[in-house]
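Asker: Following is a predicted model, sequence given first.
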Amino acid sequence: MRMVYDDNLQDYICYADKPLLCVREVMPQADYTLLLTFSNEERRIYDARPLLDYELFSPLKALPFFMQAHCDGCTVIWNDNLDIAPETLYEKSVPVEEAFGELKK
């Protein structure tokens, strides 16, 4: 990230080194995974089960609540207090093709 001072705004502007990928669509699954479509049209599977061990994410253990996952325009949220950063979702997910390939083995 780099910061540049803008004389017109009289403030600093931050530029990311690489473009931010946003979640455009999320489809929660009953096995505690999320089928995600990112802004680059890539479809990936995120396994949320490891999160269930953390107190912060304990509400997700209730499947009806987990299934309420939705996209706020850039990431996945459940309510005002519970979300996952899009960078984390991307980095810790696998392409759909790879996920289904593992199931076939």
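Answerer: Arrived safely.
Asker: any idea which helix or strand comes after the lowest-mean-pLDDT helix or strand in the chain?
Answerer: Sorted by mean pLDDT, DSSP states H and E, the helices and strands of the chain end with strand 11-15, the least confident at a mean of 67. Moving toward the C-terminus from strand 11-15, the first helix or strand encountered (DSSP states H and E) is strand 23-28.
Asker: Using CSV, write out every CA atom in that next one.
Answerer: Taking C-alpha atoms only, strand 23-28 is exported to CSV below (Å, rounded to 0.1, in the frame of the first residue of the first chain):
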residue,chain,number,x,y,z
VAL,A,23,-17.5,-11.0,-2.8
ARG,A,24,-20.3,-10.5,-5.2
GLU,A,25,-22.4,-13.5,-4.3
VAL,A,26,-22.5,-16.0,-1.4
MET,A,27,-24.5,-19.2,-1.2
PRO,A,28,-24.2,-20.8,2.3
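Asker: If you count contacts, what does that strand end up packed against?
Answerer: Applying 3 or more CB pairs under 8 Å, 6 or more residues apart in numbering; DSSP states H and E, one finds that strand 23-28 makes contact with strand 33-38, strand 70-71. Glycine gets a C-beta too; all of them are placed from N, C-alpha and C.
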